[in-house]
Each structure stands twice: as structure tokens, then as C-alpha cells.
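Asker: any chance you can model this:
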Amino acid sequence: KPFNIKLAEGATMPTRAKASAGYDLYAPHGITIQHRSPVLVNTGVAIHINRPDVCGLVLPRSSTGNKGLVITNTVPLIDYGYTGFIILKLTNRDERPIRIMAGDRFAQIFFPYIFHPEFNLVEDHDETERGTGGFGSTN
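Answerer: Numbers count the residues shown, from 1 in each chain. Okay, here's the model as predicted:
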């Protein structure tokens with residue numbers, strides 16, 4: 001069953017490039033983001049994810065991240081049943097202002113399946129090759 005989508009005035013339907021996992025989100029209006037000044041940007045897109053085994057995750061596009069723009073409300077998670085507009089908190093980590101023009105692709109949303117495992121409480125885990133090696137442990 002298709003997901004219903006609602007667009008605010010000036011918003012663009014999300015699109016998917018050839019073999020991309022996600023759908024590009026477009027800026028509905030122009031905005032300038034100053035250095036370290038977080039702003040809320042309403043994408044103008046509201047998607048009703050009508051399957052309880054799917055969610056939406058919003059990520060920056062790599063081209064946007066290379067300019068110093070980051071989504072600072074971690075990874076926005078769009079849960080099943082949410083029907084409101086997708087709003088992102090953006091922060092500019094570059095020294096120079098970043099200008100997003102109306103119609104620019106600046107974020108992407110993808111729709112992974114959700115798995116809810118059961119948990120078994122243990123005293124310790126079985127040995128693995130990686131073990132407890134964390135950040136940087138694999139070079």
C-alpha cells in the first residue's frame with residue numbers, strides 16, 4: 001500500500017535518483033544559515049508511514065554535509081503513524097554562511113524495515129574476534 005504524502009505550499013515531492021536508497025528532500029524556501037546558529041527548517045513534506053514494520057530516517061545528503069551543514073536533531077526518526085511535517089534542525093559548522101536556495105536538495109529520507117528482537121540477560125557474551133574493541137579498533 002503506498003504511503004500518503006502531503007505537501008505544503010512551495011514544497012516539492014521527494015524524488016529518488018537511479019539507484020539511491022533514499023528519496024531527496026528539497027528546500028521549500030530559501031534560507032541562510034549562519035555559523036553555529038541552529039535553525040528549524042520545515043521540509044513541507046508530511047509522509048504517513050502506514051506500515052508498523054517501517055520507519056523513516058532522515059539524513060543529510062553528502063553534498064550538503066561537505067559544505068558543513070549538519071542535521072543536529074541527531075537522525076530524525078519518523079515513526080509509523082506520524083502524519084506531521086518533517087522538520088529538521090540544521091546547524092552550520094563552517095565559518096561562512098551557508099545559503100540553501102528554494103528547490104535545493106539538502107536532505108534525504110529512507111525507509112528501513114524494523115525488527116524488534118527479544119533480549120536474553122546474560123552475565124557475559126560469547127567470545128568474538130572483535131570482542132569489545134570500539135572506536136578505531138579496526139584501524
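Asker: so where is the chain shaky, pLDDT-wise?
Answerer: Along the chain, the parts satisfying pLDDT under 70 run over 64-66, 137-139.
Asker: if we go to 80?
Answerer: Applying pLDDT under 80 to the chain flags the ranges 62-68, 73-75, 130-139.
Asker: now do the strands in this structure.
Answerer: 4-7, 23-26, 31-33, 39-42, 45-48, 56-60, 69-71, 77-78, 87-92, 98-100, 105-110 (DSSP state E).
Asker: closest to Thr128 out of these?
Answerer: strand 56-60 (27.1 Å; CB to CB). Where C-beta positions appear, they are placed from N, C-alpha and C, glycine not excepted.
Asker: what residues are up against His29?
Answerer: Contacts for His29 (CB atoms under 8 Å, 6 or more residues apart in numbering) come out as Gly10, Ala102.
Asker: Met13 touches Lys6, doesn't it?
Answerer: No: Met13 lies out of contact with Lys6 (CB atoms under 8 Å); the separation is 10.7 Å.
Asker: quick check: beta-bridge partners of the residue nearest the centre of the chain?
Answerer: The residue lying closest to the centre of the chain (CA atoms, centre = their mean) is Val58, at 1.3 Å. For Val58, the beta-bridge partners are Ile109 (DSSP bridges).
Asker: check the chain for me, the residue farthest from its geometric middle.
Answerer: Outermost residue of the chain (CA atoms, centre = their mean): Glu123, 35.9 Å.
Asker: show me what contacts the nearest residue to Ile78 once chain neighbours are set aside?
Answerer: Take Ile78 and drop its neighbours on the chain: the residue closest to it by CB to CB, 6 or more residues apart in numbering is Gly56, 3.4 Å away. Applying CB under 8 Å, 6+ apart, one finds that Gly56 lies in contact with Ile47, Ile49, Leu77, Ile78, Ile86, Ile109, Phe110, Phe111.
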